[in-house]
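> I'll drop the sequence and a predicted model, then ask my questions.
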Amino acid sequence: MLASLAGAIALIPGGGATVAGAGQALGWLVRCGTCLKILAVLAALGFTALHVHREEVARCDQRIVADHRAAAAAATQRDSDVAADLNKFFAPKLEALRRENKALQDKVNKYAKRKGLAAAAGKPGTCRLGDAAGLLRPEAR
């Protein structure tokens, strides 16, 4: 691994001088007690910030999931309330239309069974269809 690291450094223009300078700066920081304390404090602060951030992200994700669940429950309740209101408003109107439709359908069925007036009186009709001219037949399905 050191050989590959050394090969990578050799490929960087001025890499040897850069690595040597970084090594000297690191050596100077390690020898200085105050610098080590500052580095330790910075590392502790960084670790604490990352730890707190992760906890906050997890807490936020949990809150978002809970909000989505609450919104879905509210939407379901709202939909059922709207459906009940619509049913309460339109059900009587639909029932009245159904009754009217049934009465009209009965009237049409009675009319379909009736023969034409000329055929009923025993007089031959002037229509080429004959006695069937007065019949109203339902459409074939």
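Happy to help now that I have it. For clarity, every value in this text was computed on a predicted model and none was experimentally measured.
> average model confidence for the helix of greatest length in the chain?
The helix that spans the most residues within the chain, counting by DSSP state H, is helix 33-113. Helix 33-113 carries an average pLDDT of 91.
> elements contacting that helix?
helix 15-31 (3 or more CB pairs under 8 Å, 6 or more residues apart in numbering; DSSP states H and E). For the C-beta atoms, the positions are set from N, CA and C on the backbone; glycine is no exception.
> and the angle from the helix it packs on to helix 33-113?
110 degrees (axes from the mean of the first three to the mean of the last three CA atoms, to 10 degrees).
> can we start the residue count at 41 from this point?
Noted, 41 is the first residue going forward, which turns the last one into helix 55-71.
> then helix 55-71 to PDB, C-alphas only?
In PDB, the C-alpha atoms belonging to helix 55-71 read as follows (Å, rounded to 0.1, in the frame of the first residue of the first chain):
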ATOM      1  CA  GLY A  55       3.700  16.100  -5.000                       C
ATOM      2  CA  GLY A  56       6.900  15.100  -3.100                       C
ATOM      3  CA  ALA A  57       7.400  18.700  -1.900                       C
ATOM      4  CA  THR A  58       3.700  19.000  -1.000                       C
ATOM      5  CA  VAL A  59       3.700  15.800   1.000                       C
ATOM      6  CA  ALA A  60       6.900  16.700   2.800                       C
ATOM      7  CA  GLY A  61       5.400  20.100   3.700                       C
ATOM      8  CA  ALA A  62       2.200  18.500   5.000                       C
ATOM      9  CA  GLY A  63       4.300  16.100   7.000                       C
ATOM     10  CA  GLN A  64       6.300  18.900   8.600                       C
ATOM     11  CA  ALA A  65       3.100  20.900   9.400                       C
ATOM     12  CA  LEU A  66       1.500  17.800  11.000                       C
ATOM     13  CA  GLY A  67       4.700  17.100  12.900                       C
ATOM     14  CA  TRP A  68       4.600  20.700  14.200                       C
ATOM     15  CA  LEU A  69       1.000  20.400  15.200                       C
ATOM     16  CA  VAL A  70       1.600  17.100  17.100                       C
ATOM     17  CA  ARG A  71       4.600  18.600  19.000                       C
END
